[in-house]
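# With the input below, show me the fold.
(2 chains)
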Amino acid sequence: MKNNIRELREAHDMSQEALAQKLEVSRQTVNAIENDKYDPMLPLAFKIARVFGKAIEEVFQPERKKSGR
Amino acid sequence: MEQTVRKSGAVKTNKGLISAVLFVVAYLVARIVLKQEGTGESMRVWAALLPVPAFAWMLWEIIKGVRVMDELQQRIQLEALAVAYPLALILLMTLGLLEIAITLPPEDLSYRHVWAALPLFYFIGLAIARKRYT
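You can find the predicted model right below:
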């Protein structure tokens, strides 16, 4: 899953630490999500979208798999 | 709210640390008592069981600590244990098989010493899991 959290966070002039505090998670978790190393579970994904005032699909987009055919 | 969360986290860490220190102290006291000649059997049994309550407290603090972790931190702990548990299993199984095959030196490879390798496996697993999400 792809996300644009980094862009949204920077547009809101927010540090990873500040976002982590808002979400009540560690900074490492925010960093892992931003770098596509970890896909959050639905409650956290909704929470992230709510922080930026966006719908969840505006923040997270499914990665299109390349067709093997 | 955030300060409260942080404060309670710090309190939990302190309690976890105190329980771990208490466990190590209890273990060392047990070893000292069990090394002494002429100690009665019931005293030796009590000494051998001495670290158990401290360990139970430490375990409780660990469980409480894991429950307040965020989802990624919990996943890292799970992956650390997913590495540590099979490693512990293979170590104990191999030692068991070697014990059947040959006579192992009890001063080096008995359960008295091998248990200390288990936390090492956990930290190896933790390092691998943390690296994956960093």
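# if I read this right, residue A:2 contacts residue A:60, doesn't it?
Yes - look at residue A:2 against residue A:60 with CB atoms under 8 Å: they come within range, at 7.2 Å. Quick note: C-beta positions are derived from backbone N, CA and C, even for glycine.
# which of those two has more neighbours?
Higher neighbour count among residue A:2 and residue A:60: residue A:60, with 19 against 11, using other CB atoms under 10 Å in any protein chain shown.
# Tell me how far the nearest residue in space to the more buried one that is not next to it in sequence lies from chain B.
What sits nearest to residue A:60 in space, not counting adjacent residues and going by CB to CB, 6 or more residues apart in numbering or on different chains, is residue A:3, at 4.9 Å. Look at residue A:3 and chain B: by CB to the nearest CB, to the nearest Å, they are 14 Å apart.
# Quick one: neighbours of residue A:30, just the number.
28.
# no no, residue B:114
When counting by other CB under 10 Å, one arrives at 14 neighbours for residue B:114.
# The longest helix along chain A close to chain B?
Using DSSP state H to define each element, chain A has its longest helix at helix A:42-51. Yes - applying CB under 8 Å from any CB of the partner chain, one finds helix A:42-51 touching chain B at residue A:44.
# Quickly list what residue A:61 is bridged to.
residue A:2 (DSSP bridges).
# Which elements pack onto the longest helix of chain A?
Here helix A:42-51 touches helix A:16-23, helix A:56-59, going by 3 or more CB pairs under 8 Å, 6 or more residues apart in numbering or on different chains; DSSP states H and E.
# returning to that earlier point: for the residue nearest to residue A:60, which residues are in contact?
A:33, A:34, A:36, A:59, A:60, A:61 (CB atoms under 8 Å, 6 or more residues apart in numbering or on different chains).
# Excluding residues flanking it in the chain, which one is nearest residue B:130?
residue B:76 is the one closest to residue B:130 (CB to CB, 6+ apart), at 6.0 Å.
# Quick check: the one you found touching residue B:127?
No - using CB under 8 Å, residue B:76 is not in contact with residue B:127, being 10.2 Å away.
# out of those two, which sits in the more crowded spot?
Neighbour tally, residue B:76 and residue B:127, criterion other CB under 10 Å: the higher count belongs to residue B:76, 25 against 12.
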